[in-house]
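> sequence below, structure please.
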Amino acid sequence: MEFDLSWILLGLPLAFVLGWVASRMDLRQLRLENRQTPKAYFKGLNHLLNEQQDQAIDAFIEAVQHDPDTSELHFALGNLFRRRGEYERAVRVHQHLLSRGDLNQADHNRAQHALALDYLKAGLLDRAEDALSKLEGTAHQAQAHLALLSIYERSRDWAKASVVAKKLGDSGQGSFQARLAHYLCEEAECLDVTQHAQHVIDLLNQAIDAAPHAARARMALAKALEQTGHPQEAYATLEALATQVPSALPLLAPRLAALAPALGRSQNALTLLEASYAKTTSLDVLNAIVALHSAQGDSGTTDWYAKHLEREPSLVAATQWIANEKFEHEQFHPQVQRALERAAKPLQRYRCAACGFEATQHFWQCPGCQAWDSYPARRVEEL
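Next up is the predicted model:
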């Protein structure tokens, strides 16, 4: 069979024309996609600036569909989902990024950190902890440690919180010694002092070493010593603390007044309390002074409340004074006393300096905002 060259001569121009048309179609499609991708991207940015998150998400999804390999668009989309509370969708976006083999190490670590934040915001603390632990030794290590610290505080895992606090302090992220002392005190409070006395005392001594000028560890140590049958050492611990940290004396005064009579240290305690009260008036210190004078059988102890009223107006002190005084119309005394006690009760609370949360007892960590050392040692009326 003879091969006809005329077919080749006719086919070459046809192939050339078809190739040229195909190339023009590809270029046109590429230009169209290149125009659509930036348009969708900038459209999403515009919606973000106008706080229109729903429209921004739609625009970024459109941009990702046109260019699925762009990691920055995925990060933006994942962050938007997290801000809107759509944590499952945020997790899927960041897991998709982590599954990509072409992602460089920096973006991989960034996606790992974003995934940990997704879990943290969703309240999946165990998954967040696992994701954050994989950031050790990366550029996100400090942020991961801070997030882990928050997790351990929420789950009250004080031993792990202590380890992370030490790492943060060693890495130069600021001083975490006061926070570390609180963690050690919390760990000690979780133990039964009658069964683990030495371990409790060791933890509290570590807390004192971490924050020598903090009141909590020494107060907790005095309580542990008292519970284990060492009231003399407990009193000495409180007395030393009152000298080193005078601002904490209102918190110590009730225990000093309770321990002193049995140890024969009433006069010593009175000298300490009265010297402090002369410098700075305090209702708790005043109550301790009155209690010690009463224990010694002194007369006119309630005159201390009248003297307090001369220095500054106080509904609480007035209530205490009236409770122990005799008046002409004594039959109305109970009703007046109840009314005064009701009015004075809110003034005897403690108030968080960070969020304003009020409580009848002093907290080292605010139950409202979780801030540490935010409660002054003074009552609301004295602030």
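
> quick one: residue 214 and residue 178 touch, right?
Yes: in this structure, residue 214 is within contact of residue 178 by C-beta atoms under 8 Å, at 5.9 Å. (Each C-beta comes from the backbone N, C-alpha and C, glycine too.)

> quick one: common contacting residues for these two?
Common contact partners of residue 214 and residue 178 (C-beta atoms under 8 Å, 6 or more residues apart in numbering): residue 373.

> who has more neighbours, the two?
residue 214 (21 against 16; other C-beta atoms under 10 Å).

> look at residue 31 and report its pLDDT.
With respect to pLDDT, residue 31 has a value of 49.

> ignore what I typed, I meant residue 368.
On pLDDT, residue 368 comes in at 86.

> so it sits in a helix?
No: read with DSSP: H, G, I helix; E, B strand; the rest coil, residue 368 is coil and lies in no helix.

> neighbours of it, just the number please.
Neighbour number of residue 368 under other C-beta under 10 Å is 15.

> what's the closest non-adjacent residue to it?
residue 357 (3.3 Å; C-beta to C-beta, 6 or more residues apart in numbering).

> could you do residue 150 as well?
Per C-beta to C-beta, 6+ apart, closest to residue 150 is residue 120, 7.8 Å.

> does the one you found touch residue 147 like I think?
Yes: assessed by C-beta under 8 Å, residue 120 is found in contact with residue 147 at 6.1 Å.

> show me what contacts the residue nearest to residue 150?
128, 132, 147, 150, 151.

> helix, strand or coil: sort out the fourth one for me.
In other words, residue 150. Residue 150, by the three-state scheme (three-state DSSP), is helix.

> contacts only, for residue 293.
Counted by C-beta under 8 Å, 6+ apart, residue 293 has contacts 270, 301, 304.

> thinking again about what came up before, which one of the contacts of residue 120 sits in the busiest neighbourhood?
residue 132 (26 neighbours).

> looking at it, it is touching residue 144, isn't it?
Yes: using C-beta under 8 Å, residue 132 makes contact with residue 144 at a distance of 4.3 Å.

> picking up where we left off before, what does the average pLDDT come to for the helix or strand containing the residue nearest to residue 150?
Residue 120 belongs to helix 105-122 when assigned by DSSP states H and E. Taken as a whole, helix 105-122 has an average pLDDT of 89.

> just stretch 371-383 next, same as before
pLDDT averaged over stretch 371-383 gives 85.

> end-to-end on that stretch?
19 Å (C-alpha to C-alpha, to the nearest Å).

> got it, and stretch 321-341?
12 Å.

> try stretch 173-182
Span of stretch 173-182 from end to end, C-alpha to C-alpha: 18 Å.

> what's next to that stretch, contact-wise?
Applying C-beta under 8 Å, 6+ apart, the set of residues contacting stretch 173-182 is 142, 145-146, 149, 162, 165-166, 168-169, 207-208, 210-211, 214, 216-217, 364-365, 372-373.
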